[in-house]
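> sequence and predicted model, in that order:
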Amino acid sequence: MNILNNENIIYKKAEGIEYIQFKKLLEYGIKHAYTLKGENINFRSNSKEEKDSYNKIFNAVGLDVNTYVKPLQKHTANVRCIDRVIKKEELEDIDGLITDKPQIALTTTNADCILFLFYDPVKKVIANIHSGWRGTFQKIAQKAVVKMINNYRCNPEDINCFINPCIRKCHFEVGEDVKELCEDIFSFTNRTNEFIEIGKIVDGEQKYFIDTVLINKILLEEIGIKKENIFDSGICSVCNKDKISSYRVEGKDFKLATSIISL
């Protein structure tokens, strides 16, 4: 799939780094990006490329690299409201960030997991949420919206959601245990047949494909976000492994991409 075919995004290259941006966020004047693969680009903590990679993407979108805040990301459903620049060591077991303060860049990283960006143009509130399948099963994206409503008085009908590249149903293959857990948690939707598909039998074990993106869209609409305010990049990290970082493809030597957003 050509990653440029999606009407919601545009491709850019600057400062020696490639990235995509959402057209709607650009219309609002919100600085943001999701990074693509590139030589010496890696946002994995303590990698030799990490510092230079952050410098490149922040320079490319016109942000001060000293303003970024990143959680440690442990596949939790914990979301933190941010009012100042703090070190990631203070954000252990945090997978989502929200702020209404300018001069703070919220960042997350992924290599298959979903990274959500949220923006409320009325209350001027942004969020950046990391959600792997565990986070999805814990409904972290929905909980982030609830926190935006409760802590910042956002109206869910005003909130825009943006879904970055991630693994999609076509490649998110799981076993019986994860499939059954998914059915148990989301049976209330009466739509499990839409986001769970039977796969092949591998080494005597039945496999299934799960659409975590669709699950999250259902959860977001349930909490009050309008369907037309959900903008999906439509990009599968595995299908586009030449451009998108993927743990399932790269294994233990995987590299990380980042998603950034700032008021």
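Happy to help now that I have it.

> before we move on, what SS does Val178 have?
Using DSSP: H, G, I helix; E, B strand; the rest coil, the secondary structure recorded for Val178 is helix.

> my understanding was that it contacts Thr136; is that so?
No. Using C-beta atoms under 8 Å, Val178 makes no contact with Thr136, being 11.0 Å away. For glycine as for every other residue, the C-beta is placed from the backbone atoms N, C-alpha and C.

> which one's more surrounded, those two?
Thr136 (24 against 17; other C-beta atoms under 10 Å).

> so the more buried one versus Lys124, what's the distance?
Plainly put, Thr136 is 27 Å away from Lys124 if you go by C-beta to C-beta, to the nearest Å.

> pretty sure Phe244 sits against Arg168.
Actually, residue 244 is Ile rather than Phe. No. Assessed by C-beta under 8 Å, Ile244 is found out of contact with Arg168, at 10.9 Å.

> any residues in contact with both of those two?
Jointly contacting Ile244 and Arg168 under the rule C-beta atoms under 8 Å, 6 or more residues apart in numbering are Cys236, Ser237.

> so these two - more neighbours on which side?
Legend: neighbour count by other C-beta under 10 Å for Ile244 and Arg168, higher for Ile244 (27 against 23).

> pretty sure Ile185 belongs to a helix, no?
Yes. Assigned with three-state DSSP, Ile185 falls within a helix.

> in contact with it, which residues?
Ile185 touches Phe137, counting by C-beta under 8 Å, 6+ apart.

> for Thr192, see how far away it is.
According to C-beta to C-beta, Ile185 and Thr192 sit 10 Å apart.

> overlap in contacts of those two?
Counting by C-beta under 8 Å, 6+ apart, no residue touches both Ile185 and Thr192.

> you'd agree Arg153 is up against Val125?
No. Assessed by C-beta under 8 Å, Arg153 is found out of contact with Val125, at 9.1 Å.

> ranges for the helices of this structure?
Per DSSP state H, the chain carries helices over the ranges 23-27, 50-61, 133-137, 140-152, 176-186, 192-195, 212-223, 247-250.
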